[in-house]
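Asks: Sequence and predicted structure below; questions after.
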Amino acid sequence: QVQLVEAGGGLVQPGGSLTLSCAASGFTFSSYSMSWYRQAPGKERELVARISSRGGSITYANSVRGRFTISRDNPKNTIYLQMNSLKLEDTAVYYCNARWLATGSVYWGQGTQVTVSS
């Protein structure tokens, strides 16, 4: 059974930091590129950051580049999103995503809420 379980969301003040984690199980984690997406109320889901299967290639949305850092620990089947200098506009539900282009397999987590508010 495939599972992607996000954790680490919460309420933080502007300028603060949070670290999200996503623990994966039920598939060959090291074969999948992993991503964080987010969806704010009334908006479409958008890509925040993506890391390749072995971590050699990383992509960030322009809105988070320089503030967020994505990483992965393949032996632990886990990815992370370190979020610094958080802004009000970072408020959203953050989703973990696994994708293997060779097979077309895509999995999603249930999401974790991040709220940036003073």
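Replies: Okay, I see it.
Asks: Buried ones in stretch 41-57, by neighbour count?
Replies: Going by neighbour count (16 or more other CB atoms under 10 Å), the buried part of stretch 41-57 is 48, 49, 50, 51, 53, 55. No exception for glycine: its C-beta is placed from N, CA and C like everyone else's.
Asks: Distance of the most centrally placed residue in the chain relative to residue 118?
Replies: Nearest residue to the geometric centre of the chain (CA atoms, centre = their mean): residue 36, 2.5 Å. The gap separating residue 36 from residue 118 is 24 Å, by CB to CB, to the nearest Å.
Asks: and what of residue 96?
Replies: Distance, residue 96 to residue 118, by CB to CB: 27 Å.
Asks: which stretches of the chain have low pLDDT?
Replies: Low-confidence segments of the chain (pLDDT under 70): none present.
Asks: go again using 90 as the cut-off
Replies: Scanning the chain with the threshold set as pLDDT under 90 gives 55, 101-104.
Asks: hang on, the earlier thing: and the furthest pair within the buried residues of stretch 41-57?
Replies: Greatest spacing in the buried residues of stretch 41-57, by CB to CB: 48 and 53 (18.1 Å).
Asks: how far away is the residue nearest to the centre of the chain from residue 97?
Replies: Counting by CB to CB, the separation of residue 36 from residue 97 is 7 Å.
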